[in-house]
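[1] Sequence below, structure please.
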Amino acid sequence: MVILPFLEIAQSPIHGRGVFATEDIEEGTLIEFSPLIILPSSERGILQSSKLYDYYFEWSESQIAVGLGYLSIYNHASPANCYWERLEDKQAMRVISQSFISMGEELTIDYMTGDKALEKLWFDAKKK
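    So this is what the prediction gives:
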């Protein structure tokens, strides 16, 4: 797992907690490499009765994943200042900045990017 030292977790004006830059970050910077805990989709019900329900990802039609590190803390924005990439062979994801991010700015990802199967978000993205 790689989490670079220029990140911190703090209260977010978007929702709950978020990931913030403690220094300026250039476009194209690897922000995080995060291993995943892969679970069968049949265990989704177990997560629904826990705090982890808000933090898992759909990994495949038959699997869900919980990201280690800060991965599940990034809030959604569209457009976002970071993007994520699936690394299926490594059972991991990485987050990369797609624009310049100023010190103090929240790092965000677009939850819809890269997942054509999703038709809509499961929450109201405009609600703060």
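[2] only C-alpha atoms for contact and neighbour calcs from this point on.
    Noted.
[3] just the helices in the chain please.
    44-48 (DSSP state H).
[4] Give me the sheet partners of the top strand by length along the chain and which way each runs.
    For the chain, the longest strand by residue count, based on DSSP state E, is strand 30-40. Sheet pairing for strand 30-40, assigned by DSSP bridges, gives strand 2-3 (antiparallel), strand 63-67 (antiparallel), strand 92-97 (antiparallel).
[5] By mean pLDDT, point me to the weakest helix or strand of this structure.
    One helix or strand of the chain scores below all others by mean pLDDT, DSSP states H and E: strand 2-3, with a mean of 64.
[6] Next, count neighbours for Ala65.
    21 (other CA atoms under 10 Å).
[7] Could you check the pLDDT of it?
    Predicted confidence (pLDDT) for Ala65: 89.
[8] next one: the one 4 residues further on
    Confidence per residue is given as pLDDT, and for Gly69 that number is 90.
[9] Same question for the one 5 residues further on.
    Per-residue confidence for Tyr74 comes out at a pLDDT of 93.
[10] Measure how buried Pro13 is and give me the count.
    The burial count for Pro13: 11, using other CA under 10 Å.
[11] Repeat that for the one 10 residues further on.
    The number of residues packed around Glu23, counting by other CA under 10 Å, is 14.
[12] Hmm, it is touching Glu105, no?
    No: contact criterion CA atoms under 8 Å: Glu23 and Glu105 do not qualify, at 9.0 Å.
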